[in-house]
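Enquirer: Pasting the sequence and the predicted coordinates here, then a few questions.
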Amino acid sequence: MVELTREDGLGAAVPPGFEIEVDDPALLEDPEVLELLAKANESIEENPLFRYVPHERQLIFHRHRVKTKAFVGGNRSGKSTATVVDCLIQAIDIDQIPDSLKPYRIWPKGTKFKCRFITPDYGKPFQSLVEAIQMWVPPSQLKGGSWETAYKDKDHILYFANGSVFDFMTTEQPSSKHGGSARHRIVWDEEPPDTEEGERIYTQARMRIADYHGDMLWGFTPISERLGWVFDEIYEQAVEDGEELGDRAWLNEEVGLLLVQASIYENPHLSEEGREDAIAGIRADQRDAVVEGTFTNAKGLVYETFEPAVGGLHVVPEEWIDKDLVGGLERLDSIDPGQVETAILFTGVDKHGRVVVYDELTLSGRSAVPEAAADRINNLREGWGLAPVCKYNIIDPAARSRDLGSGERVGEQWIAAGIPVIYGKNDLEAGCMEIERRFNHTVDDGEGGRKAFPLIVISSKCVGLIRQLRKYRKKPKEDGSFGVVKKDDHKPDALRYVCMERRVPVKRKRKRARQRSWVPGTAPPYKPAPRRSGTVMGRFT
């Protein structure tokens, strides 16, 4: 058994495990055999794609043809290699693609494939991407037969001999620069910034692939330190709205989205020593993302202890909360009105002081008008066997402001629609602390210790509230005071109004009065009362 090695020192000419087995070792001394091996090695050097042997996660990524494919993996899990090779399969001549990779070709023969790669900057991430392309591209397919003649550093464009083009841009460039001609594919080599400008760049990218009905590839390690719009666009749509293909692979056929998660341990082409060296020194709060490719929050969550999993501390299966349980609650409905979205939570407080969130409504457009919303509220409450109108409807205190169109206060419009409201307490920091206290509440376990007994219970039916609580993020103000990201926060705000209306009393230990003992034959120290100055009528004397 012999393994071929590369002359440039970049590792094996074929992946580890791709060896040649011979029954008679003497064959390796035969000049004809050695000549055949040399030709095979030469052909691999001429076309590196012959040595690409995708591992299981990469195979799943290549096989599916959908509008959006995301390979979210830990460092060295093979995500960049998968995206680069997939693009090269589309860009080079069909007769240069190894037979094992031809099934992954999408565009027909003769297509001048135009692809745009987007990286955070032209620094290390860009250089790593360029090195990956250089490693796998057949030199004969480049314009002029070499990288030097095909790549224009000034414009960051790579030209192929058949007319295909790779161009490279960054998220540091303004969204206005991301326009231009149509593309067959957009590739995000790292996670874009969770900002409005980042979203605008993403919108521009989607417009670029419209002409060709193209696709979009993602290959990144999710270490942005907060769950933002990328999490919404990829993870939530794939995992929560899609179908699980297998272990950590999801497909949402409705929107055309594939998500594959890969661990560094699933890359068979890494040695154990190299793997451990890559993992060493990673921050504990980033380990899951860097090693396993899972979406995590390294920092910034308002409710870090909130457990969104059904059956955990805070979310219970919806069948656990029935009409009888709801009927025994002190019911408090909460409304957070808005021009884009109006959120309504249906809650109650049980005999233990727990806030039970048993249902929710999300309204927008005409359905959010108080009169139309009142009908939706009444119907939902009747479905629970309750009176059409709740006695206490807590509304955002900002509803005291006047509507610019009618001049009437927003809260008064709800009252006129038949929904009596009381205005909530709008201390943001105190309200968030109150929710956190309820999430982390404990009681005596009867054995001298404490056990978890959260004072907020959420039905799994309330998917909107659970989603928003899970990624509700801090955004300190310029003066350093507490603030939150004002996005996807309507339902957490509505929960805050309820919790502030029924605050958990703080138990303080009473200080025992110091006992004074009397000793026979003694008397307490004499303390004369302060003498009053002036006459009985004081300054009126």
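Expert: Thanks, I have it. Numbers count the residues shown, from 1 in each chain.
Enquirer: in the stretch 151-300 of the chain, which spans are helices?
Expert: Taking DSSP state H, counting those that start in this stretch to define them, one finds helices in the stretch 151-300 of the chain at 196-208, 229-230, 272-279, 287.
Enquirer: Enumerate the positions of the first one that are buried.
Expert: Applying a neighbour-count criterion of 16 or more other Cβ atoms under 10 Å, the buried positions in helix 196-208 are Gly198, Glu199, Ile201, Tyr202, Gln204, Ala205, Arg208. No exception for glycine: its C-beta is placed from N, CA and C like everyone else's.
Enquirer: SS state for Pro103?
Expert: helix (DSSP: H, G, I helix; E, B strand; the rest coil).
Enquirer: List the contacts of it.
Expert: Arg63 (Cβ atoms under 8 Å, 6 or more residues apart in numbering).
Enquirer: Could you report the separation of the closest residue to Gly256 other than its chain neighbours from Glu254?
Expert: Of all residues not flanking Gly256 in the chain, Lys67 sits nearest, at 3.3 Å (Cβ to Cβ, 6 or more residues apart in numbering). Going from Lys67 to Glu254 by Cβ to Cβ, to the nearest Å gives 11 Å.
Enquirer: More neighbours: which of the two?
Expert: Lys67 (15 against 10; other Cβ atoms under 10 Å).
Enquirer: end to end, how far does stretch 60-72 reach?
Expert: 12 Å (Cα to Cα, to the nearest Å).
Enquirer: Not counting it itself, show me its contacts.
Expert: So stretch 60-72 is contacted by 54, 57-58, 78-79, 82-83, 85-86, 101, 103-104, 106, 215-222, 234-235, 238, 245-246, 249, 251, 253, 255-262, 293, 295 (Cβ under 8 Å, 6+ apart).
Enquirer: Return the members of the residues you listed classed as buried.
Expert: 54, 57-58, 78-79, 82-83, 85-86, 101, 104, 215-222, 234-235, 238, 249, 251, 257-262, 293, 295.
Enquirer: Using PDB, write down the CA coordinates of stretch 429-446.
Expert: The C-alpha trace of stretch 429-446 is given here as PDB (Å, rounded to 0.1, in the frame of the first residue of the first chain):
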ATOM      1  CA  GLU A 429     -34.600  47.700  32.700                       C
ATOM      2  CA  ALA A 430     -36.900  47.000  35.800                       C
ATOM      3  CA  GLY A 431     -39.300  45.000  33.600                       C
ATOM      4  CA  CYS A 432     -36.500  42.900  32.100                       C
ATOM      5  CA  MET A 433     -35.100  42.200  35.500                       C
ATOM      6  CA  GLU A 434     -38.600  41.200  36.700                       C
ATOM      7  CA  ILE A 435     -38.900  38.600  33.900                       C
ATOM      8  CA  GLU A 436     -35.400  37.300  34.600                       C
ATOM      9  CA  ARG A 437     -36.300  37.000  38.300                       C
ATOM     10  CA  ARG A 438     -39.300  34.900  37.400                       C
ATOM     11  CA  PHE A 439     -37.300  32.700  35.000                       C
ATOM     12  CA  ASN A 440     -34.700  32.000  37.700                       C
ATOM     13  CA  HIS A 441     -37.100  31.700  40.700                       C
ATOM     14  CA  THR A 442     -36.300  28.800  43.200                       C
ATOM     15  CA  VAL A 443     -38.000  27.300  46.200                       C
ATOM     16  CA  ASP A 444     -36.900  25.100  49.100                       C
ATOM     17  CA  ASP A 445     -36.500  21.500  48.100                       C
ATOM     18  CA  GLY A 446     -37.300  20.200  51.600                       C
END
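Enquirer: where's Asp322 relative to Ser459, distance?
Expert: 10 Å.
Enquirer: Neighbour count: the two, which is higher?
Expert: Ser459 (23 against 12).
Enquirer: where does that one fall, phi/psi-wise?
Expert: phi -70, psi 140 (degrees, to the nearest 10).
Enquirer: pretty sure it contacts Tyr358?
Expert: Yes: between Ser459 and Tyr358 a contact is recorded at 5.1 Å, counting by Cβ atoms under 8 Å.
Enquirer: Now for those two: what residues contact both?
Expert: Ile321.
Enquirer: Could you give the secondary structure assignment for Ala70?
Expert: strand.
Enquirer: after the least confident helix or strand in the chain by mean pLDDT, next one along is what?
Expert: Every helix and strand in the chain was compared by mean pLDDT, DSSP states H and E; the lowest is helix 287, with a mean of 53. Where DSSP states H and E defines the elements, the next helix or strand beyond helix 287 is strand 315-316.
Enquirer: Contacts only, for Ser164.
Expert: Gln90, Ala91, Ile92, Thr111, Lys112, Phe113, Lys114, Cys115.
Enquirer: okay, among the residues you listed, which ones form the most distant pair?
Expert: Greatest spatial distance among the contacts of Ser164 (Cβ to Cβ): Ile92 and Lys114, at 13.7 Å.
Enquirer: circling back to that earlier point, roughly how far apart are the residue nearest to Gly256 and Leu258?
Expert: 9 Å.
Enquirer: again with Glu371
Expert: In terms of Cβ to Cβ, Glu371 sits 44 Å off from Leu258.
Enquirer: would you list every one of the strands in the stretch 51-200 of the chain?
Expert: In the stretch 51-200 of the chain, the strands defined using DSSP state E, counting those that start in this stretch lie at 68-73, 114-119, 151-152, 157-159, 165-170, 185-188.
Enquirer: Between these, which one is closest to Pro476.
Expert: Nearest to Pro476, of all the strands of the stretch 51-200 of the chain, is strand 165-170, at 27.4 Å by Cβ to Cβ.
Enquirer: by contact count, what packs against that closest one?
Expert: strand 114-119, helix 124-136, strand 157-159 (3 or more Cβ pairs under 8 Å, 6 or more residues apart in numbering; DSSP states H and E).
Enquirer: can you list contacts of that strand?
Expert: Taking Cβ under 8 Å, 6+ apart as the rule, strand 165-170 contacts 87, 91, 112-122, 126, 129-130, 133, 155-160, 177-178.
Enquirer: Would you mind getting the angle between that strand and strand 114-119?
Expert: Using axes from the mean of the first three to the mean of the last three Cα atoms, to 10 degrees, the inter-axis angle of strand 165-170 relative to strand 114-119 is 20 degrees.
Enquirer: Now strand 165-170 - C-alpha only, PDB.
Expert: Taking C-alpha atoms only, strand 165-170 is exported to PDB below (Å, rounded to 0.1, in the frame of the first residue of the first chain):
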ATOM      1  CA  VAL A 165     -16.100  34.800 -14.100                       C
ATOM      2  CA  PHE A 166     -15.600  34.900 -10.300                       C
ATOM      3  CA  ASP A 167     -15.600  38.300  -8.700                       C
ATOM      4  CA  PHE A 168     -15.000  39.100  -5.100                       C
ATOM      5  CA  MET A 169     -16.600  41.700  -2.900                       C
ATOM      6  CA  THR A 170     -16.700  42.500   0.800                       C
END
